[in-house]
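# please find the sequence and the predicted model below.
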Amino acid sequence: ASRHEMSRLHLPAVLLGFQRSKSNQYPNNALLNIDGVKDRDAAKYYLGKTVLFAYRVKKTKDATTGETKSLRIIRGKITRAHGNAGVVRARFVHNLPPTPSALFAALCSTPSGLKRVALLE
């Protein structure tokens with residue numbers, strides 16, 4: 001890659017569902033399928049990385065800055081692999097919303113990438 005070429009600091013991931021048992025569901029433990037990860041060994045690389053879950057809301061006013069925002073982000077962290085097919089388990093600070101339209105998360109490779117993530121429009 002050339003020196004001026006932009007590098008992508010995030011990977012798209014698909015929210016598959018939540019960690020669950022027969023009768024309980026744990027909404028702050030999500031199962032994510034990261035693009036390009038096909039097995040458990042490849043998933044181990046992403047352990048401890050930051051995950052951002054972005055979803056749209058009606059425009060609300062930010063209490064601290066006063067500007068209107070229509071996008072909310074929930075931060076999480078990859079905790080462990082789930083199964084042998086490359087799925088990972090991520091623990092989020094807040095429970096994820098149950099909206100079916102919000103199915104994508106962005107996996108950041110560096111902490112500085114948090115500001116540069118494309119906001120999943």
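Happy to help now that I have it.
# show me where the protein has strands.
10-20, 25-34, 50-61, 68-82, 87-92, 104-108 (DSSP state E).
# out of these, which is closest to A43?
A43 lies closest, by CB to CB, to one member of these: strand 68-82, at 4.2 Å. All C-beta atoms are positioned from the backbone trio N, CA, C, and that covers glycine.
# list the buried ones in that closest one?
74, 76, 78, 81-82 (16 or more other CB atoms under 10 Å).
# contacting residues around it?
For strand 68-82, contacts defined as CB atoms under 8 Å, 6 or more residues apart in numbering pick out 19, 29-32, 40, 43-44, 46-62, 87-94, 96, 105, 107, 119.
# what about 6 Å?
Outside strand 68-82, the residues within contact range by CB atoms under 6 Å, 6 or more residues apart in numbering are 31, 40, 43, 46-47, 49, 51-57, 59, 61-62, 88-94, 119.
# next: stretch 30-46.
11-18, 78, 81-82, 84, 86-88, 90, 96, 105, 107.
# and with 7 Å instead?
Counting contacts by CB atoms under 7 Å, 6 or more residues apart in numbering, the residues outside stretch 30-46 that touch it are 11-19, 51, 78, 81-82, 84, 86-90, 92, 96, 105, 107.
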